[in-house]
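task: produce atomic coordinates for the following.
(one chain, ligands or ions: 2)
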Amino acid sequence: MIVFPNAKINIGINITGRRPDGYHNIETIFYPVRIYDALEALPGKELRFNSSGLAIPGRAEDNLCIKAYHLIKNDHKLPAVDIHLHKHIPIGAGLGGGSADAAFFIRLIDQQFELGLTTEQKLNYARQLGADCAFFIESKPVFAFEKGDQFEPIKLDLSKCCLVLVMPPAHVSTSEAYRGVKPAEVKYSLYELINEPLKEWRYFIKNDFEESVFKNHAVIRGVKAALYEAGAIYASMSGSGASVFGIFDKTPDLSPLEKTNQVFYNI
Ligand SMILES: C[C@](O)(CO)[C@H](O)COP(=O)(O)OP(=O)(O)OC[C@H]1O[C@@H](n2ccc(N)nc2=O)[C@H](O)[C@@H]1O
Ligand SMILES: Nc1ncnc2c1ncn2[C@@H]1O[C@H](COP(=O)(O)OP(=O)(O)OP(=O)(O)O)[C@@H](O)[C@H]1O
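Ligands and ions are numbered 1, 2, ... in the order given. From the prediction side, this is the model:
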C-alpha cells in the first residue's frame, strides 16, 4: 500500500506556558497543505527502511516510521514490513514532515493489516511520537492546544487563495526555538482571532517563534518581508521555521526569491 503524507503550516502560534514535563503549552491553527512525501510499506522478510529524494539526517532505525512500527507492534501482531519513503517535504522547515510520515504510517498499517484501530487509538500512538504527529491522523484544519496535540475542529477554507511557501537556506532546531521564547498568556485566543477577516490577520495573528528566530536568521525575516512586498495578504513563518508561507489573492511573481530559495506555488 502507498500513501502520501502531506505537510502542514501553522497559522499563528502562541506559546502560553511551560509544562512540568519540559514541553510548552501552545495554541496554534494547523492547516494541511499540498506538499507530499510518498510512503510505501509491503509485507517483507525482515523490517527494512530505505528512502529516496531528500536526504534524511540520522539513522534509518531512528526514523519516525520505524518508531511507529515498534509502538504498534507492542500491542498487535504485525508481520515484518519493507518500508520505502520518498522524501519531498523539506526537513527542518516547520512543516511537520517527519510527523506526517509517522502518522500516515500508523494509518497505513491499520488499513493494510486490518487492525481496526479507532481514531482515538491512532491519536494515542501518534502523541507518543511527537507533538505535531497527532494532527496528521485526520489532517484537517484545527485549533490545537496544550502540547499542540489536543484539537478543536474549525471551519477554515483557503482554497480560493493562492498559498505560497518559501524555504530559505536555513535550518532551525525545534527545541532550540522553544528555548528562545518566553511564554506568555494571551488576551485573545487564536480560536477567536482566526474568525477575523483574512486582511486583518497580519495585525493580530503572530508566531511567537519569529522574534528570536529572526534574530539568528536574518534570511528568514527577509523572506517574510519579501512576501509582503509581493502583495501577500498574510505572511508568517511556519512552526519553528525555517519555511515562510504567504497567502495571496492571485499567484505572485516571486522570481527574485527563486534564485536563492525553494518556492512552492499553490500549496
Ligand atoms: C513547533 C511545532 O511544529 C508547532 O506545530 C511543534 O510544536 C513541534 O512539534 P514536534 O516537532 O512534533 O515536537 P517534538 O518532536 O514532540 O518535540 C521536539 C522538542 O520541541 C519542544 N517542544 C515541542 C512541543 C511543545 N508543545 N513544547 C516543546 O517544548 C521540546 O523541547 C521537544 O524536545
Ligand atoms: N520520516 C522522517 N522525515 C524527516 N525527518 C525525520 C523523519 N524521521 C525522523 N526524522 C528526524 O526529524 C528531524 C526533522 O523532522 P521534521 O521534518 O518533522 O522537522 P520540521 O520540518 O522542523 O517540522 P516540525 O518542527 O514542524 O515538526 C530530522 O532531522 C530527522 O532526523
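
so which bits of this structure are right by ligand 1?
For the chain, the residues in contact with ligand 1 (Cβ under 6 Å from any ligand atom) are 10, 13, 23-24, 26, 28, 94, 96, 99, 130-133, 147-148, 174-175, 178, 239-240. Every residue, glycine included, has its C-beta placed from N, CA and C.

check those one by one and keep those near ligand 2.
Filtering those for neighbours of ligand 2 using Cβ under 6 Å from any ligand atom leaves 94, 96, 99, 132, 174, 239, 240.

min pLDDT across these, which one?
The lowest pLDDT within those belongs to residue 174, with 94.

residues contacting the residue lying closest to it once chain neighbours are set aside?
Spatial nearest neighbour of residue 174, chain neighbours left out: residue 240 (4.7 Å); criterion: Cβ to Cβ, 6 or more residues apart in numbering. Residue 240 sits next to 94, 172, 173, 174, 177, 178, 209, 213 when contact means Cβ atoms under 8 Å, 6 or more residues apart in numbering.

give me phi/psi at the first one?
Spelled out, it's residue 94. Backbone torsions for residue 94, taken as degrees, to the nearest 10, come to phi 80, psi 20.

that one reaches residue 245, doesn't it?
No - Residue 94 is beyond contact range of residue 245, at 9.5 Å (criterion: Cβ atoms under 8 Å).

who has more neighbours, those two?
Neighbours were counted for residue 94 and for residue 245 using other Cβ atoms under 10 Å; residue 94 has more, 30 against 26.

state the distance from the more buried one to residue 41.
26 Å (Cβ to Cβ, to the nearest Å).

cool, residue 98 as well?
Using Cβ to Cβ, residue 98 is found at 16 Å from residue 41.

before we move on, what about residue 23?
From residue 23 to residue 41 the distance is 30 Å (Cβ to Cβ).

looking at these two, which is more packed in?
A direct count of neighbours by other Cβ under 10 Å for residue 23 and residue 41 places residue 41 higher, at 23 against 16.

list the contacts for the more buried one?
Applying Cβ under 8 Å, 6+ apart, we find residue 41 in contact with 1, 65, 81, 82, 83, 84, 105, 108, 109, 112.

which one (most neighbours) among the residues you listed?
Ranked by neighbours (other Cβ under 10 Å), the contacts of residue 41 are led by residue 105, which has 30 neighbours.

in stretch 52-65, which residues are buried?
Using 16 or more other Cβ atoms under 10 Å as the test for burial, stretch 52-65 gives 56, 63, 64, 65.

still on that earlier bit, in helices, which of the contacts of residue 240 appear?
174, 177, 178, 213 (DSSP state H).

from the residues you listed, pick the one nearest ligand 2.
Nearest to ligand 2 among the ones in helices among the contacts of residue 240: residue 174, at 4.2 Å, using Cβ to the nearest ligand atom.

lovely, talk soon.
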